[in-house]
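Trainee: Sequence unavailable; structure follows:
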Ligand code: GTB
């Protein structure tokens, strides 16, 4: 059955792979699943046809036969559960990998996301510097804890999993706008290992091609 995801026809990140379709593309590539992409505009994502798929008017979405999904984490989990390579077979190891997926999205991503939004939307506010310091402090605490847990391991819990895929995706967002990761060489190396995976490279090239084509057109 054909899988179709949605992505921005013109991503504001100019093809740097920061929008959340990237993590879904990466998961599909890790799982060896071909997929189609329906490119959408910022206007179209707020219209009824898209809102029926994604109630908050966002990308990405995922359609496969009569299944329609939203939320990048739920989509990655669905892909990981249906196909090999992203979740361990052992039930306890699988549960731990899923815990890392939630940790990436619920514990590590929020302050990183808030920081990038603050840098765009709150720069002129009188409290901006204070807010940025507070977010940076939270992020550094998360990075220190994550760095300590990762230690010298390649991945967070044994083999590469969907937990690593989401954690690396989240850390890449930070790397794009800050040098904070540099203070944690094992995390920098962890992110580099993720980026070096052939599936990551294919997914990155696919989203970059959208930007390149849009720029040429
Ligand atoms: N929790 C949802 C999920 O994980 O699927 C969040 C989805 C989401 O935030 N989607 C964003 C969106 O559609 C795109 S990814 N925003 C439009 C809107 O809300 O109206 C966030 C994003 C956008 C752009 C960049 N960038 O240019 O650097 C990075 C990340």
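Mentor: Thanks, I have it. Remember, it's a predicted structure, so these values are computed and weren't measured experimentally.

Trainee: So which residues of this protein form helices?
Mentor: For the chain, the helices identified by DSSP state H occupy 21-30, 48-51, 72-82, 91-102, 109-121, 128-150, 162-175, 185-196, 198-216, in order along the chain.

Trainee: Let me have the ones you listed in JSON lines, extended by distance to residue 65 and mean pLDDT.
Mentor: Where C-beta positions appear, they are placed from N, C-alpha and C, glycine not excepted. Supplementary listing: the helices of the chain in JSON lines, determined by distance: least, C-beta to C-beta, whole Å; pLDDT from 0 to 100:
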{"stretch": "helix 21-30", "distance to residue 65": "15", "mean pLDDT": "98"}
{"stretch": "helix 48-51", "distance to residue 65": "18", "mean pLDDT": "98"}
{"stretch": "helix 72-82", "distance to residue 65": "12", "mean pLDDT": "98"}
{"stretch": "helix 91-102", "distance to residue 65": "24", "mean pLDDT": "98"}
{"stretch": "helix 109-121", "distance to residue 65": "30", "mean pLDDT": "96"}
{"stretch": "helix 128-150", "distance to residue 65": "37", "mean pLDDT": "98"}
{"stretch": "helix 162-175", "distance to residue 65": "22", "mean pLDDT": "98"}
{"stretch": "helix 185-196", "distance to residue 65": "30", "mean pLDDT": "98"}
{"stretch": "helix 198-216", "distance to residue 65": "22", "mean pLDDT": "95"}
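
Trainee: Ok, which of these comes nearest residue 15?
Mentor: Across those, the minimum distance to residue 15, taken as C-beta to C-beta, is reached by helix 198-216, at 3.1 Å.

Trainee: Those residues of the protein touching the ligand, which are they?
Mentor: Taking C-beta under 6 Å from any ligand atom as the measure of proximity, the chain contacts the ligand at 11-13, 18-20, 45, 57-60, 71-73.

Trainee: Pull out the buried members of the residues you listed.
Mentor: 11, 18, 19, 20, 45, 58, 59, 60, 71, 72, 73 (16 or more other C-beta atoms under 10 Å).
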